[in-house]
Structure formats: C-alpha cells, structure tokens
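Participant: Got a predicted structure here, sequence first:
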Amino acid sequence: MITITEDDIDINRTIEKAKHPDVGAIVTFTGIVRDDGIEGMEIKVQRELAAQELGKIRENALKLFEIQSLEAIHRMGTFSVGDVIVTIVCSAPHRKDAFAACEYVMDELQNVASIRKSELREE
C-alpha cells in the first residue's frame, strides 16, 4: 500500500500489518528531518500524480523482489528537525529480498518529481 498523509506515522501498526506466516523478515526504513543547519522542512505533494508514481514503484518492487508486502508512507506538510517524513516496510520470506526491496523503494522515491522538499532556514 502507498499512503500520502499529513498525519503521524504509526510504525508499530505498519509492522504488525506486514506480519504473515510466510514472512521471515521485515525490514523498515524511517526517514527523518536531519539537522543540517536548518529549522525544518516543507514537503509539498501533488497527490494524484504522486500516488501514480509511487504505485508504479511499488508494482516494480513486487515484480523485482520476492516480497510478501510493501508499504510506503510519505508525509506532506511542514516538519521540524527530528520529525518522521517517510516510512517504508517490506516483508519477505528471506531478509535479502526485504532489504533489497526497501532500498530500491527509497532510491526510487528520491526521483519522484511530484514530491518537492524545501529546507526551512532561520531568517
């Protein structure tokens, strides 16, 4: 599932949803706003276009890797240093595919043009 939201991400609920009798590994990635001398970050998303782009990334990951489930949650709005902005959860029978799929999705997310990030600096 692909979700674009303004709400906080409940990583524990997302991990619970990924559990399945055939799953031997669940890999998560959580991206946060890093302190690079900034006050925060603003993320603007063209929802419909982003949903299409993210859906294609998910479909490709499901074809490329032997995974049971993949959930990507990306937030939009204004965030402070330390806030969670993205979470990816991949489950698979074996860890290699779970890690590879999670890395693939995060790498592909960096190229989604409909998600724009702007650093907020103190004036």
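Facilitator: Here it is on my side, so go on.

Participant: Could you tell me the per-residue confidence at the residue lying closest to residue 68 once chain neighbours are set aside?
Facilitator: In this structure, residue 68 finds its nearest non-sequential neighbour in residue 91, 4.6 Å apart by CB to CB, 6 or more residues apart in numbering. Any C-beta I mention is one placed from the backbone N, CA and C, and that applies to glycine too. Here the pLDDT value assigned to residue 91 is 97.

Participant: what does residue 53 give?
Facilitator: 92.

Participant: Tell me the secondary structure of it, please.
Facilitator: Secondary structure state of residue 53, per DSSP: H, G, I helix; E, B strand; the rest coil, is helix.

Participant: what about the closest residue to it other than its chain neighbours, is that helix, strand or coil?
Facilitator: What sits nearest to residue 53 in space, not counting adjacent residues and going by CB to CB, 6+ apart, is residue 112, at 4.9 Å. Following three-state DSSP, residue 112 is assigned to coil.

Participant: same deal with residue 107?
Facilitator: Three-state call for residue 107 (three-state DSSP): helix.

Participant: Can you get me a residue count around residue 11?
Facilitator: The tally of other residues near residue 11 (other CB atoms under 10 Å) stands at 14.

Participant: which residues touch it?
Facilitator: Contact analysis of residue 11 by CB atoms under 8 Å, 6 or more residues apart in numbering lists 28, 30, 84, 87, 89.

Participant: do that again at 10 Å, thanks
Facilitator: Going by CB atoms under 10 Å, 6 or more residues apart in numbering, residue 11 touches 28, 30, 73, 84, 87, 89.

Participant: Could you do residue 1 as well?
Facilitator: Residue 1 sits next to 14, 17, 54-55, 58, 69-73, 89 when contact means CB under 10 Å, 6+ apart.
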